[in-house]
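K.L.:
Predicted model and sequence follow; I will ask about them next.
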Amino acid sequence: MLSLYKKYLGHYTPFVIATFITTCIIYFVQLCLLLPESKRIIDKGVNLQNTDVIWQSGIMMVIFTLIIGICNLLNAYFSSKATAGFTCSVRKACFTKANSLSPQDFAKFGESTLLNRTMADVVNITVVTINALRLWTAIPVLIVTELFIIALNNVYIFMVLAFFFILTVTFLIVFMAKSRKNFEYLQQKLDKINLNMRERIVGIRHIRAFGNEELVYEKSAKGNEDVYNEAISANSKINFLSPVAMVVMNWVVVLIYILGTQQIKEGMASISQLLLIFQYISSFILSLMTIPFLINILPKGMVSARRINELLNFEPTKYETAQHIKKDKTLGKVEFRNVVFGYSGALDVIADISFTAQAGKTTAFIGTTGSGKTTVMNLMQGLYLPTFGDILIDDISIRNADENWLRSCFSYGTQRPMIFQDTVKNNISRTVSDERIKQACDASCFSEILAQKNEGLEFQLAQGGMNLSGGQRQRLSLARTVARDAPIYIFDDTFSALDAQTEKKSRKAINDMLKGKTIIMVAQKIDTIRDADNIIVLEKGRIAGQGKHEDLLKTCKVYREIYQTQCYLDKKE
Amino acid sequence: MKKSKQKNVISRLFGDMGKYKSSFRAVFGVIVVIKLCLAAAPKVVSIITDTMQEFVNSGNYDFGKLLIQCALLAVLYLIGYGADGFINRSLVLISQNLSLNLRNKAGHKLNRLTIHYSDNHPLGDTQSRVTSDMLNLSNGIESTLPSLLGQAVLMAAIAIMMLFTNIWLALIYIIAMPVTFIGLRMIAKRTNKIFKNTNKHLGKMNALVSDTYSNHTVVKSYSRVDEKEKEFDELNREFEKLFVRSRFTSGFMRPFSDLMAKISYILLCLTGGFLMIKGTLTLGEFTAFLFYGNKLCFTHI
């Protein structure tokens, strides 16, 4: 937590210091100047029947109050500024860091936890920070000043008070520490039922389709029961803390009345002195009451800080020798040399993949589900790094390539369409000419859908593009792929949601539009890829065959099998 | 129209409390009793102080008398603060039971919701209703409601006791309290508006971040990182301004009530001083008012 402060609060140190100074002034004026005036009024005014003293005291008190009032406002301002700056810096750092992660590293965290860390966790540390600035700097100052003043006034009473104070604080700390575990469990259980609720809402179609309502309800109900039990148990550990502390401190006041009277009898104190001490004690008890509140928000803040630090201090996987090589004119030749890769260190997702996709030609990949096709696509672009082996784009190894150049080599049509919550036009491209966008929409058969929408290209898409059907989303994603100008185009199963007729039309249009570019296509259907210059058959992460369609039918068993299951498409062979 | 809807919500909540319905009413009865005890305490303090003044004036220290008065005070404090633990326990039981019932009810309802509803309501909205809104409700019952009610009862009881002790001094607080409330209300209205804006803005940022993360592959692959970060920067800067405004405005509340408390304190000391010189106020009564003032205006003393 402190490391976060050191790093990101740095710029705002003046504000922090100002907050602290104003807080100190407030409490100093209040305790040392304002409250003693009441004693003065009684001693010099009432006891000596002097009304002038009372007026004088009044004026002084008004001045002190004004100073305190101004300092309070300044305090609010400075603490707000410091916290705002800190929060926004941390949030920006999280966003930047998460974006900078390679998809491989990104997947290590997962999208939802990254979102939580960037948003919810930052909120938690904000709460702690602003309260820390406003109150915590005050509390130690306050407590020490109070005890000091009481000591000045009357050492005997101070000792009694100090004893009970230490007793109470120890008591509070011990029991709060004991209950910490319970509140952590409670939080975990709450997270669990929240996640459960989210699943039920997101997966509402699936639950209904499979008739699992009873099942999920049972799970929810059990979770709710757990939360109930944990909450009751956690509370039972702490609910007597505040009452006991308050009773003890107030009984100390009663005790001081008795002791004080003894002191007055012995001439060592006066009633007005005692009254002043009581005022200090009241103030002291009030400040004591804020401690449980602060202790409550601290654990949450610390957990959030830890999670944020985890993200910010994460060391991305990188190659040791990144030389940032790039080319001006890329032809688009892709070569894999003995590539081996597995997610999370496993070595068996793909193995011994070697092939060359010639520049300007169409290379297709085919294979059953899980054969590693998308993995090859990810590796090709350098989104994931191979465990062994090398990948070369135009004879430049991706280990040595400049990242920006590498990105610009590809236009990637993802298997699952990824839609931004933005206009259609911005989804397709923000940099390309309007003409090209129109061309892309025509080629991907998306124009017909656009024609149905009043806003056309300015049509606003909802979260995840849910206001379009699956097929429409895929066409949009296709349009985005085609609109971009790059040497290599990857179509990862992007035609699956289109009917055969639209698919044929679209493929022809795209081929015309992208003449001379390297095209990498992934498909399940042989019909989509049969005209490719080179077809690579993948099975269980290994190459089962390579060549043209006719050759593969003769030489590759896997290909033949796939073809046979799909052969109703073609009656010729 | 609106009023009947409101009443409906509260009576439905009562229904969902199940077996703890009567406990809820009992708890509030207990809260009233303990606040009355706390309101009586300063009266005992004034008696003790006057007793002490008597000792000083007469030179005769009758500790027996003092001890009885102190014992009474101790008992009042015991009831006043000690019972808090039981109240808190009961309220937690009530609110957790309510949450449990409501969550289970929501669980049932989810199984019967139309798909139409889930398509037309954003995930976040539905989710927050069953999660964070639920927490707000239980927090409200466990802490906000009892403290509000307790304060109200305490204030009323103290106001009455003050009136019986000394009208002039009572007047100070009887005027100061409403003024404080009105002032706080005005500040709160402004603050709420700004907070709403800030939260809406945060929602926008949430949507951007969520969108960027879930489409991370495309953002990376199409080199759209810079553009997303620019969008984010704009939102972030705006948020920073909104945040400062909202926290500063809400930061007015404490200073304001502090100021009112101190003004009351100053008036109390001055008026009290004059009245004591005149002889219509005893030191004990003055002390009682110090304690009353302390209980009314949290921030000061």
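P.N.:
Okay, I see it.

K.L.:
Which residue is it, in the stretch 151-300 of chain B, that comes closest to chain A?
P.N.:
Residue of the stretch 151-300 of chain B nearest chain A, by Cβ to the nearest Cβ: B:Gly251 (2.8 Å). C-beta here means a position set from N, CA and C on the backbone, and glycine is covered the same way.

K.L.:
can you pull the contacts of that residue?
P.N.:
A:73, A:75-77, A:79-80, A:134 (Cβ atoms under 8 Å, 6 or more residues apart in numbering or on different chains).

K.L.:
Give me the helix or strand of chain A that scores worst on average pLDDT.
P.N.:
helix A:138-153 (a mean of 75; mean pLDDT, DSSP states H and E).

K.L.:
on contacts alone, who are the packing partners of that one?
P.N.:
Counting contacts by 3 or more Cβ pairs under 8 Å, 6 or more residues apart in numbering or on different chains; DSSP states H and E, helix A:138-153 packs against helix A:13-28, helix A:155-202, helix A:271-312.

K.L.:
just the contacts of B:Gly251 now: which is nearest B:Leu149?
P.N.:
Distance to B:Leu149 across the contacts of B:Gly251 (Cβ to Cβ) is lowest for A:Arg134, with 27.1 Å.

K.L.:
Quick one: neighbours of the closest one, just the number.
P.N.:
Counted with other Cβ atoms under 10 Å in any protein chain shown, the neighbours of A:Arg134 add up to 22.

K.L.:
follow-up on the earlier one: including distance to chain B, could the helices and strands packed on helix A:138-153 go into JSON lines?
P.N.:
Shown next, in JSON lines, are these (distance: least, Cβ to the nearest Cβ, whole Å):
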{"stretch": "helix A:13-28", "distance to chain B": "9"}
{"stretch": "helix A:155-202", "distance to chain B": "4"}
{"stretch": "helix A:271-312", "distance to chain B": "5"}
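
K.L.:
From B:Arg185, how far out is the residue of the stretch 151-300 of chain B closest to chain A?
P.N.:
16 Å (Cβ to Cβ, to the nearest Å).

K.L.:
looking at this, B:Leu235 is in a helix?
P.N.:
Yes: under DSSP: H, G, I helix; E, B strand; the rest coil, B:Leu235 sits within a helix.

K.L.:
which non-adjacent residue is nearest it?
P.N.:
Among residues not flanking B:Leu235 along the chain, B:Met205 sits closest, at 4.9 Å (Cβ to Cβ, 6 or more residues apart in numbering or on different chains).

K.L.:
Show the pLDDT at the one you found.
P.N.:
Reading off the confidence values, B:Met205 has pLDDT 89.

K.L.:
Contact partners for it?
P.N.:
Contacts of B:Met205 by Cβ under 8 Å, 6+ apart are A:119, B:232, B:235-236, B:239.

K.L.:
Quick check: it is in a strand.
P.N.:
No: assignment of B:Met205 by three-state DSSP gives helix, placing it outside any strand.

K.L.:
Quick check: nearest residue in space to whatever residue of chain A ends up closest to chain B, chain neighbours excluded?
P.N.:
As assessed by Cβ to the nearest Cβ, chain B sits closest to A:Ala76 within chain A, at 2.8 Å. Sequence neighbours aside, B:Gly251 is the residue nearest to A:Ala76 in space, at 2.8 Å (criterion: Cβ to Cβ, 6+ apart).

K.L.:
One more: A:Glu225?
P.N.:
Spatial nearest neighbour of A:Glu225, excluding adjacent residues (Cβ to Cβ, 6+ apart): B:Leu100 at 7.1 Å.

K.L.:
In terms of helices and strands, where is the one you found?
P.N.:
Assigned by DSSP states H and E, B:Leu100 falls within helix B:63-112.

K.L.:
Quick one: mean pLDDT over the very next helix or strand once past that helix.
P.N.:
As assigned by DSSP H and E, the chain's next helix or strand after helix B:63-112 is helix B:115-120. Averaging pLDDT along helix B:115-120 gives 78.

K.L.:
coming back round to it: quick one: work out the angle between the helix holding B:Leu100 and helix A:155-202.
P.N.:
Counting by axes from the mean of the first three to the mean of the last three Cα atoms, to 10 degrees, helix B:63-112 lies at 10 degrees to helix A:155-202.

K.L.:
Remind me what helix B:63-112 packs against, helices and strands.
P.N.:
Judged by 3+ Cβ pairs under 8 Å, 6+ apart, the packing partners of helix B:63-112 are helix A:155-202, helix A:213-238, helix A:241-265, helix B:2-16, helix B:21-58, helix B:123-130, helix B:132-139, helix B:145-165.

K.L.:
That's all I had, so thanks and see you.
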